[in-house]
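Participant: sequence first, predicted model second:
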Amino acid sequence: MLPLSAPAHHGEPGDPVLLGWINDQIHAVLGLGDVAMVVVLGAVIVAVPVGILAFFALQRMRG
Amino acid sequence: MALRSARKPIFYGWFIVAAGFFALFVSMGARNGFGVFVVPMTGDLGWSRTEISAAIAIGVMVNGLSQPFLGRLYDQYGGRLVISISLLVLGLASMLLSITSDFGAGFAFHIDIVVFEITLSASLLFLIAIYGLVMSTASSGVSLVTVHAVLAKWFQRRRGIVLSIVTAGTSAGGLILTPFAAFLIDWTDWRLAWLVLGALVLVLALPLVAFFVREKPEDMGEVPDGERSSLAQADAGAGRRTAQATAPLESESWKDSFRHPPIWQLSGAYFVCGVTTLIISTHYVPFAIDMGISPGVAALAFGLMQGLNVAGVLVVGLLADRFSRKNLLGTIYFIRFFAYVMLVMPGALNYLFGVTIPPSFGIWCFAVLAGMSWIATPPLTSSLTADIYGTRNLGTLGGFTTFAHQIGGSISVFVAGVLYDQTGTYVIPFGLAGLTLLGATIASWSVKERKYSVRYQTATARPAVVGADAD
């Protein structure tokens, strides 16, 4: 009854059972361990702001 | 060589789009990711599911209630300050959750609340205070309301696609940060995972927003959409002064906005949007299982729905800058209505006439149609609000419409549960929710966009909209 719900527009917490199942599927499909997944996803997360800043700096250098 | 030096620089507004995208990506991801902490935290701290759900429910309620107030703060103090402080609080609060524990022996008491029992231990009180109150309020400050309001000032002609891109950031955050947190918990523990999520907000998102976000194009010597050079040249050639069209219902006080129908039409439709998205978030998988679908397939259909919403919102963003936004919004609600018809039809035919249609047909049709429309409504609602009421009070007005959305969602989740208990089937609550979408469709289509939207005003020589067909 309580809204322990998956992502809606405004960021309600995801259903833990569903999220666990999705993680298992990712494990099964990619076959990577926890550490590798943390490194890969962490790299993706960090790459976004670094990419934005690098692009901005490139623009500034070009004048 | 000459060509290279003549290349136009990227309009600064696009850097604010990127910063807004990432702020929503991280903040929504951190909040959505709470689901993966439920099992390890309840196991460690001895909470029941009801107790942790109560903290989450308080968080959802506080998030909805605080949206208009944070929107008002945005209108008064600007996006850079409000979003930055919200990110700071969100990051620190996430890190604080890593020390959740029972502080001192014997600090616990028991309360009964009508239908469920909760033991308010010190650790649960801490969770309610930090997650339910602090983080949920801070989330309102770094939300679609504030980020859309900033970008609506920077973009007018491309408002639809820009607001859609940053809206996609919320979904992308959930898709990447939630599994990231889950794998981190598996690798280390939930305490370190909270620390890392908080650090991501403080180290990556906060500096990016503080560095890039500026309130309006004039602060950077620009004009909306970055069309200064071509517009200025054209105007100079024609010997006239550049001017921006003003939103017809823009007023000094936000209260005046409520004297005209559009804000009520948009909020009413958004209320229905909340009804029809949160009921799915909570009851879709149980509904599918009730229909005889295996849990794995039900979760897969739900995953497809979540994956499709990014594609859906971007397609709608592209269309929103070419066609009438209210027609597009109404059409999205109608498509969602059709999705609900497909979902309940097999169950309804079986319930009423004993006719058997494979339930998987409805489940998959719904996953595709609802998935495409899932997050397509926020950018259109924000765009229309900005087009009609201008950007002066957009934070407050956006907060009001979002508040309506969250109220609708909370009611639907509760009512669906009660109706299920009474009737033993989800067909009736889902059917009723689907019917409300007809009201949202009519409310959206009946907005007098041609009369009230800035896109159809002719204060400048610039064409307001291409190929639009409104009213």
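Facilitator: In hand now; what should we look at?
Participant: hey, let's count contacts and neighbours off CA atoms from now on
Facilitator: Will do.
Participant: doesn't A:Val44 lie inside a strand?
Facilitator: No - in this structure, A:Val44 is helix, not part of a strand, as judged by DSSP: H, G, I helix; E, B strand; the rest coil.
Participant: and it, how many neighbours?
Facilitator: Residues within reach of A:Val44, counting by other C-alpha atoms under 10 Å in any protein chain shown, total 13.
Participant: for the chain, where's the lowest mean pLDDT among helices and strands?
Facilitator: In the absence of a named chain, this looks at chain A. helix A:16-30 (a mean of 71; mean pLDDT, DSSP states H and E).
Participant: chain B is the one I meant
Facilitator: By the measure given (mean pLDDT, DSSP H and E), helix B:2-5 is the least confident helix or strand of chain B, showing a mean of 48.
Participant: can you read off the backbone torsions of B:Leu120?
Facilitator: phi -80, psi 80 (degrees, to the nearest 10).
Participant: leaving out chain neighbours, which residue sits closest to B:Val26?
Facilitator: Take B:Val26 and drop its neighbours on the chain: the residue closest to it by C-alpha to C-alpha, 6 or more residues apart in numbering or on different chains is B:Gly173, 5.8 Å away.
Participant: moving C-terminal of the helix or strand hosting that neighbour, what's the next helix or strand?
Facilitator: Take DSSP states H and E as the rule and B:Gly173 turns out to sit in helix B:159-187. Next along the chain after helix B:159-187, taking DSSP H and E as the criterion, comes helix B:190-200.
Participant: centre of the chain to the host helix or strand of B:Leu65, how far?
Facilitator: Element membership for B:Leu65 (DSSP H and E) is helix B:49-77. Its chain's C-alpha centre and that of helix B:49-77 lie 13 Å apart, by C-alpha atoms, centre = their mean, to the nearest Å.
Participant: following the chain past it, name the next helix or strand.
Facilitator: Downstream of helix B:49-77, the next assigned helix or strand under DSSP H and E is helix B:79-96.
Participant: follow-up on the earlier one: check contacts around the residue nearest to B:Val26.
Facilitator: Residues in contact with B:Gly173 (C-alpha atoms under 8 Å, 6 or more residues apart in numbering or on different chains) are B:24-30.
Participant: of the residues you listed, just say which sits nearest to B:Ile289.
Facilitator: B:Gly29 (27.3 Å; C-alpha to C-alpha).
Participant: show me what the helix or strand containing that closest one is packed against.
Facilitator: Of the helices and strands defined by DSSP H and E, B:Gly29 is found in helix B:13-32. Helices and strands touching helix B:13-32, by 3 or more C-alpha pairs under 8 Å, 6 or more residues apart in numbering or on different chains; DSSP states H and E, are helix A:34-62, helix B:79-96, helix B:136-141, helix B:144-154, helix B:159-187, helix B:206-212.
Participant: least reliable of these going by mean pLDDT?
Facilitator: Ranked by mean pLDDT, these bottom out at helix B:159-187, which scores a mean of 89.
Participant: top of the contacts of B:Gly173 by neighbour count?
Facilitator: Most surrounded of the contacts of B:Gly173: other C-alpha under 10 Å gives B:Ser27, at 31 neighbours.
Participant: let me see the contact set for that one.
Facilitator: B:Ser27 touches B:87, B:90, B:139, B:142, B:173, B:201, counting by C-alpha under 8 Å, 6+ apart.
Participant: distance of it relative to A:Ala54?
Facilitator: Separation of B:Ser27 from A:Ala54 (C-alpha to C-alpha, to the nearest Å) stands at 22 Å.
Participant: give me every residue that touches B:Val315.
Facilitator: Not one residue lies near B:Val315 by C-alpha under 8 Å, 6+ apart.
Participant: element containing it, please.
Facilitator: helix B:295-320.
Participant: tilt between that helix and helix A:16-30?
Facilitator: If you take axes from the mean of the first three to the mean of the last three C-alpha atoms, to 10 degrees, helix B:295-320 sits at 90 degrees to helix A:16-30.
Participant: just the buried positions in helix B:295-320, please.
Facilitator: B:295, B:297-318, B:320 (16 or more other C-alpha atoms under 10 Å in any protein chain shown).
Participant: and if you look at stretch B:398-417?
Facilitator: Of the residues in stretch B:398-417, B:398-410, B:412-413, B:416-417 count as buried by neighbour count, 16+ other C-alpha under 10 Å.
Participant: quick check: which of those are also close to chain A?
Facilitator: Subset of the buried residues of stretch B:398-417 in contact with chain A: B:410, B:413, B:417, counting by C-alpha under 8 Å from any C-alpha of the partner chain.
Participant: which member of these is positioned nearest chain A?
Facilitator: Closest approach to chain A among these (C-alpha to the nearest C-alpha): B:Gly417, at 5.6 Å.
Participant: distance of that closest one from B:Thr331?
Facilitator: Applying C-alpha to C-alpha to B:Gly417 and B:Thr331 gives a distance of 29 Å.
Participant: ok, now B:Pro429?
Facilitator: B:Pro429 is 23 Å from B:Thr331, by C-alpha to C-alpha.
Participant: B:Leu314 too?
Facilitator: Applying C-alpha to C-alpha, the value for B:Leu314 to B:Thr331 is 16 Å.
Participant: below-threshold pLDDT in chain B: ranges please.
Facilitator: In the predicted model of chain B, residues B:1-7, B:102-118, B:228-245, B:347, B:351, B:459-471 satisfy pLDDT under 70.
Participant: now the strands for the stretch 351-471 of chain B?
Facilitator: Using DSSP state E, counting those that start in this stretch, no strands are found in the stretch 351-471 of chain B.
Participant: what residues does it put near chain A?
Facilitator: By C-alpha under 8 Å from any C-alpha, the part of the stretch 351-471 of chain B that sits against chain A consists of B:374-375, B:378, B:410, B:413-414, B:417.
Participant: which of those fall within helices?
Facilitator: Under the assignment DSSP state H, these contribute B:378, B:410, B:413-414, B:417 to helices.
Participant: which two among those residues are spaced furthest apart?
Facilitator: Between any two of these, the greatest separation by C-alpha to C-alpha is 26.0 Å, found for B:Pro378 and B:Gly417.
Participant: counting neighbours, what do you get for the closest residue to B:Phe212 other than its chain neighbours?
Facilitator: The shortest distance from B:Phe212 to any non-neighbouring residue, by C-alpha to C-alpha, 6+ apart, is to B:Ile16 (5.8 Å). Per other C-alpha under 10 Å, the neighbour tally for B:Ile16 reads 23.
Participant: for B:Val62, see how far away B:Ile16 is.
Facilitator: 28 Å.
Participant: likewise A:Gly20?
Facilitator: A:Gly20 is 27 Å from B:Val62, by C-alpha to C-alpha.
Participant: so the two - more neighbours on which side?
Facilitator: Between A:Gly20 and B:Val62, counting by other C-alpha under 10 Å, B:Val62 is the more crowded of the two (20 against 16).
Participant: show me the contacts for that one.
Facilitator: Contacts of B:Val62 by C-alpha under 8 Å, 6+ apart are B:132-133, B:136-137.
Participant: thank you kindly, that will do.
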